[in-house]
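# have a look at this prediction, sequence included:
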Amino acid sequence: MSEPTVRFPVSCPKCGRERLAELSADVVADALQKGSDICLVATCHEVIWTATELELEQIQEYLGAVHPGHCSFRGHMKLVPELDNDEINQ
């Protein structure tokens, strides 16, 4: 079985061209939880940069959408078990 990934759009800071980036979901969650940098790449101009706060928030949203077991809090990621409706309503 292949490793879970998260895909998200990345815009080149030089020309604005958008493409999909794909990173390991575990690597992204770990970086967000620890506050580590996430490096982004635009191959059209061979540019590498550190994701901005806005880009990090967007990556968190994509991660939460494709892997709902990850709950995001501003600046932090936390792995939590998924709850069913009965547990939520207690």
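Great, that's in hand. What you see is a predicted model; the values in this text were computed from it and never measured.
# dig out what Pro9 forms beta bridges with.
On the basis of DSSP bridges, Pro9 is bridged to Leu20.
# and it, what does it touch?
Counting by CB atoms under 8 Å, 6 or more residues apart in numbering, Pro9 touches Glu18, Arg19, Leu20, Ala21. For every residue, glycine as well, the C-beta is placed using N, CA and C.
# between the residues you listed, which is nearest Ile59?
Ile59 lies nearest to Ala21 out of the contacts of Pro9, by CB to CB, at 8.8 Å.
# what's in contact with stretch 14-21?
7-12, 40-45, 47.
# and the two most separated of the residues you listed?
Arg7 and His45 (20.8 Å).
# just the CA coordinates of the helix or strand Val27 falls within, formatted as PDB?
Using DSSP states H and E, Val27 sits within helix 25-34. Only the C-alpha atoms of helix 25-34 are listed here, as PDB (Å, rounded to 0.1, in the frame of the first residue of the first chain):
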ATOM      1  CA  ALA A  25       0.600  13.500   4.600                       C
ATOM      2  CA  ASP A  26       2.700  12.400   7.500                       C
ATOM      3  CA  VAL A  27       5.500  14.700   6.600                       C
ATOM      4  CA  VAL A  28       3.100  17.700   6.300                       C
ATOM      5  CA  ALA A  29       1.300  16.900   9.500                       C
ATOM      6  CA  ASP A  30       4.600  16.600  11.400                       C
ATOM      7  CA  ALA A  31       6.000  19.800  10.000                       C
ATOM      8  CA  LEU A  32       2.800  21.700  10.900                       C
ATOM      9  CA  GLN A  33       2.700  20.200  14.400                       C
ATOM     10  CA  LYS A  34       6.300  21.100  15.100                       C
END
